[in-house]
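[1] model this:
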Amino acid sequence: MLPLEMDVNDKPAVTETVRRAKEHFGRPDVIVNNAGYAQIDAIEELTERQLRDQMETNVFGAVWVIQAALPYLREQASGHIVQLSSAVGLVALPLGGAYSASKWALNESLAQEVAGFGIKVTVIEPGGFATRSGQNPDPLNNSFMAEPDSAYDGLRRRLAGIAGSQPAGDPAAAAQALLKLADMDKLPLRVLFGQGFYPMIKHAYADRLQP
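    Below is the predicted model of the structure:
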């Protein structure tokens, strides 16, 4: 094990950290892109800085890691990039416009670009997980929030009720599933982690197929 501190918003630092990891281990086999956070606000409430910061970490940060790793993966003609997106990268929710946009940006284009090099890509779409005291994250208790507009208070309360009723996934179980995924020979392009969002996603896709 080689723990290395890395800020995905610092592109030169990302490149250097990936280089050090490659130098230490000899080759990178699996790249897990997991850095990110959720900005939970109505679109009207967002400041330009908050929206840009959301994209800097969730989108540009992921791209910097991929760009740093790809030369090594292409050289060895193998590797697996696992990108953590979100269930809201498939279906958008109110008060999550910035976060959803950042997760929709992590699409399948990369998989098609690198398949010819022997590199595989999997996009994981997690639902809610019990990362805070055994509960799903609470949209009313989020450190990444804009100055609230009272016009959206009712919507915030309804969203908190929905989040509280969703089954909270086990982070340890998700980690084991990710390790199992990394060892698979035939890899899916997208995987949904957790059960809470499945009915909503199924309904959304059925609606999109309607003429």
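
[2] For the protein, just list every one of the strands.
    Here the chain has its strands, by DSSP state E, at 30-33, 79-84, 119-126, 190-193.

[3] Let me have those in JSON lines, extended by mean neighbour count.
    Placement of C-beta: from N, CA and C, glycine included. Below are those laid out as JSON lines (neighbours: other Cβ atoms under 10 Å):
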{"stretch": "strand 30-33", "mean neighbour count": "18"}
{"stretch": "strand 79-84", "mean neighbour count": "22"}
{"stretch": "strand 119-126", "mean neighbour count": "22"}
{"stretch": "strand 190-193", "mean neighbour count": "17"}
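
[4] Would you mind saying which of those lies nearest Ser150?
    Nearest of the strands of the chain to Ser150, taken as Cβ to Cβ: strand 119-126 at 31.4 Å.

[5] Dump the strands of the chain to TSV, plus distance to Asp183.
    Output for these, formatted as TSV (distance: least, Cβ to Cβ, whole Å):
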stretch	distance to Asp183
strand 30-33	9
strand 79-84	10
strand 119-126	12
strand 190-193	14
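
[6] of all those, which lies closest to Ala42?
    That would be strand 119-126 among these, by Cβ to Cβ, at 23.3 Å.

[7] Now do the spatially most central residue of the chain, the pLDDT please.
    Central residue of the chain (Cα atoms, centre = their mean): Ser85, 2.7 Å from the mean position. Predicted confidence (pLDDT) for Ser85: 88.
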